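Visitor: Got a sequence here, can you model it:
(chains A and B)
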Number of protein chains: 2
Amino acid sequence: MPGQKKYFISPNIDDDTLTQKIKGTDQDNNPINIKVIQETSLTIFLNNQEIVTLMCIADHPKYLAIGYLLNQNMIKINEKIKSIDLDEELGVIIIRTSKKTNYEKILKKKITTSGCAQGTIFGNIYEEIKKIKITSKIKIKHKWIYELSKKINLTPSLYLEAGAVHGCVIAEQNNPLIYMEDVGRHNAVDKISGYMFLNNINPKNKIFYTTGRLTSEMIIKTVKMGIPILISRSGFTSWGVKLAKQTNLTLIGRAKGKKYITLSGNHRIIDQ
Amino acid sequence: MPGQKKYFISPNIDDDTLTQKIKGTDQDNNPINIKVIQETSLTIFLNNQEIVTLMCIADHPKYLAIGYLLNQNMIKINEKIKSIDLDEELGVIIIRTSKKTNYEKILKKKITTSGCAQGTIFGNIYEEIKKIKITSKIKIKHKWIYELSKKINLTPSLYLEAGAVHGCVIAEQNNPLIYMEDVGRHNAVDKISGYMFLNNINPKNKIFYTTGRLTSEMIIKTVKMGIPILISRSGFTSWGVKLAKQTNLTLIGRAKGKKYITLSGNHRIIDQ
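Guide: Residues are numbered from 1 along each chain as shown, chains lettered A, B, ... in the order given. All right, here's what the predicted structure looks like:
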């Protein structure tokens, strides 16, 4: 696309390990060969503690693990990561931090949330988020909303290759920069968080685009990342809208073609 | 629709508590009023133990709680339910069984799965499912697959009213009978399980239709319910297909308009 900046990172459709060809039949009983997404399991350890096993796409275990721990409040934004060790064959990743951690107690009390898997969020995150006010003064031009959707939809992706995945994108103005996919939309967000953390990317002038619905935990993750604008092609839920208003997040949903609906933070959209 | 049997149970679009009207703006900055889904939290107790808090739609807490516990292997199919107590204001439901239960240990080890939330499934369920072979000899006519999709799409639903929910349907031949919706597709399946358990409905001659993707945990829940045919308008993942083949489940995906793809158990489809 003319004027399209290069992505920092985007789906690698040439990686054969992420999809699998399967024989089946179509509606006329003709044999067909289709590509389906390859799920894999990843067990995350934080220091000496097993935290969770996620079903995911195996493209970015490092970003996924770091992002998961960040979004679950298990590592803090100023935390020092000592090492990241991945055993690809076992599907195990071990994150080591300078500080000692112990989550025995907190692991027992989980809220299973409404969106996609790994929506397990600790109750205290809700309390933390409610107090945050996003102060970023960036604006988004009306036309960027269309342009972003179009550019993202035209980017080669596992979704276009095999379906059954969600996509999450970080953009600056009308340029998509980071594009992650996963079977669970929360994994896709967590990969984004992990990438931004490890590459020290400023969230305050960024726009977050997701194919998934705007449920409360999606808002929570966006606010935790410090991103002021969230766009989705899907719909809203009431708690998501409530949290977006409380935190002064710009929330744009049902963005399809040249239509969209804004339910919070309309002041960041400019009529151009 | 002529010849349409009545649903046993289907979405109640007249229940004002399930949606909320919210003021926003459209793409031209005109004020609009849209209906969004109302999420609520439900905490499930089994006997004296707090099991989980789910974000869900508040329409069928009883079916959701029973179905959740069944699908997590926390109550067995032959278990006697002594009482079900719902405190609507607190969002708490207490299920009491004749047998004593203790899940302290098992609650610590969860796998967070790839689909939608509440995809938390204990590792031992995978092992249990792999051994099951579905022996039901029922057939599905080619044309029923279209007819079912069409009937379901035309049924009044929260999805048509407010979007942002998944739907799950149990059908017999080309008649949809039980239609549940929720913000999490796993909640929708669990409500179906709970309804079938409490109403003693024979699964062996049923067809399960879902709007959600055919990930492994969707296959697991279908097989656990004992239903031989699973249809989705969405796509497949590799583990889902593998499990469907192992258990002899008929797996039909990407069912849209007059198209569909079968990746397992093609022998149950007849050319009529």
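
Visitor: okay, which residue is most central for chain A?
Guide: A:Val189 (1.3 Å; Cα atoms, centre = their mean).

Visitor: so that residue sits right up against A:Thr210, yeah?
Guide: Yes. Proximity of A:Val189 to A:Thr210 meets the contact threshold set by Cβ atoms under 8 Å, at 7.2 Å. (Each C-beta comes from the backbone N, C-alpha and C, glycine too.)

Visitor: any residues in contact with both of those two?
Guide: Shared contacts of A:Val189 and A:Thr210 (Cβ atoms under 8 Å, 6 or more residues apart in numbering or on different chains): A:168, A:218.

Visitor: what ranges of the stretch 1-150 of chain A fall below the confidence cut-off?
Guide: A:1-4, A:102-124 (pLDDT under 70).

Visitor: And A:Thr97, how close does it get to chain B?
Guide: A:Thr97 is 21 Å from chain B, where distance means Cβ to the nearest Cβ, to the nearest Å.

Visitor: Let me fix that, I meant to ask about A:Ile134.
Guide: Separation of A:Ile134 from chain B (Cβ to the nearest Cβ): 18 Å.

Visitor: go on, A:Ser83?
Guide: Taking Cβ to the nearest Cβ, one finds A:Ser83 at 24 Å from chain B.

Visitor: Next: A:Glu89.
Guide: For A:Glu89, the distance to chain B - Cβ to the nearest Cβ - is 17 Å.

Visitor: tell me which element that residue falls in.
Guide: A:Glu89 belongs to no helix or strand when assigned by DSSP states H and E.

Visitor: For stretch A:230-243, what does the pLDDT average out to?
Guide: Average pLDDT, stretch A:230-243: 95.

Visitor: Give me the contact status of that stretch with chain B.
Guide: Yes. Interface with chain B: stretch A:230-243 contributes A:234-241 (Cβ under 8 Å from any Cβ of the partner chain).

Visitor: same question, stretch A:172-190
Guide: Yes. Counting by Cβ under 8 Å from any Cβ, contacts between stretch A:172-190 and chain B involve A:182-184, A:187.

Visitor: Lowest-confidence entry in those residues?
Guide: A:Gly184 (85).

Visitor: distance between the helix or strand the residue nearest to the centre of chain A falls within and the chain's centre?
Guide: Using DSSP H and E, the element containing A:Val189 is helix A:185-198. The chain centre lies 5 Å from the centre of helix A:185-198; the measure is Cα atoms, centre = their mean, to the nearest Å.

Visitor: Please name every helix or strand in contact with that helix.
Guide: Based on contacts counted as 3 or more Cβ pairs under 8 Å, 6 or more residues apart in numbering or on different chains; DSSP states H and E, the elements that helix A:185-198 packs against are helix A:61-71, strand A:166-172, strand A:175-182, strand A:207-210, helix A:216-225.

Visitor: try it again with 6 Å
Guide: Applying 3 or more Cβ pairs under 6 Å, 6 or more residues apart in numbering or on different chains; DSSP states H and E, we find helix A:185-198 packed against helix A:61-71, strand A:166-172, strand A:175-182.

Visitor: May I see the buried residues of that helix?
Guide: Neighbour-count burial for helix A:185-198 flags A:185-197 (criterion: 16 or more other Cβ atoms under 10 Å in any protein chain shown).

Visitor: Does A:Ile22 belong to a helix, a strand or coil?
Guide: strand (DSSP: H, G, I helix; E, B strand; the rest coil).

Visitor: Quick one: neighbours of it, just the number.
Guide: Residues lying near A:Ile22 (other Cβ atoms under 10 Å in any protein chain shown) number 18.

Visitor: A:Val36 is in contact with that one, correct?
Guide: Yes. The criterion here is Cβ atoms under 6 Å, and A:Ile22 meets it with A:Val36 at 5.4 Å.

Visitor: which neighbours do these two share?
Guide: Residues touching both A:Ile22 and A:Val36 (Cβ atoms under 6 Å, 6 or more residues apart in numbering or on different chains): none.

Visitor: A:Asn175: what's it in contact with?
Guide: A:Lys5.

Visitor: Could you check how far it is from chain B?
Guide: From A:Asn175 to chain B the distance is 21 Å (Cβ to the nearest Cβ).

Visitor: next one: A:Thr17
Guide: For A:Thr17, the distance to chain B - Cβ to the nearest Cβ - is 11 Å.

Visitor: and what of A:Ser216?
Guide: In terms of Cβ to the nearest Cβ, A:Ser216 sits 7 Å off from chain B.

Visitor: count of neighbours near that residue?
Guide: Residues near A:Ser216, counting by other Cβ under 10 Å: 26.

Visitor: Check it and give its pLDDT.
Guide: The model's pLDDT for A:Ser216 equals 86.

Visitor: related to what we said a few turns ago, thought A:Lys221 was touching the residue nearest to the centre of chain A, still the case?
Guide: Yes. Counting by Cβ under 6 Å, A:Lys221 is a contact partner of A:Val189 at 5.0 Å.

Visitor: and A:Cys168, bridged to which residues?
Guide: With DSSP bridges applied, A:Cys168 shows beta-bridge pairing to A:Met180, A:Thr210.

Visitor: which ones are touching it?
Guide: A:Cys168 touches A:180, A:188-189, A:192, A:210, counting by Cβ under 6 Å, 6+ apart.

Visitor: what about the strands in the stretch 1-150 of chain A?
Guide: A:19-26, A:31-37, A:40-46, A:49-56, A:81-87, A:92-97, A:111-112, A:140-141 (DSSP state E, counting those that start in this stretch).

Visitor: Adding distance to A:Ile9, write these out as TSV.
Guide: Formatted as TSV, the strands of the stretch 1-150 of chain A follow (distance: least, Cβ to Cβ, whole Å):
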stretch	distance to A:Ile9
strand A:19-26	18
strand A:31-37	19
strand A:40-46	18
strand A:49-56	16
strand A:81-87	17
strand A:92-97	18
strand A:111-112	30
strand A:140-141	22
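
Visitor: Of those, flag the one that's most buried.
Guide: Per residue and on average, the most neighbours among those fall to strand A:111-112, with a mean of 24 (mean count of other Cβ atoms under 10 Å in any protein chain shown).

Visitor: Any buried residues in stretch A:249-258, and which?
Guide: Buried-residue list, stretch A:249-258, by 16+ other Cβ under 10 Å: A:249-255.

Visitor: How far away from the center of its chain is it?
Guide: On Cα atoms, centre = their mean, the centre of stretch A:249-258 falls 17 Å from the chain's centre.

Visitor: That one near chain B anywhere?
Guide: No. Shown here: stretch A:249-258 not in contact with chain B (Cβ under 6 Å from any Cβ of the partner chain), separated by at least 6.5 Å.
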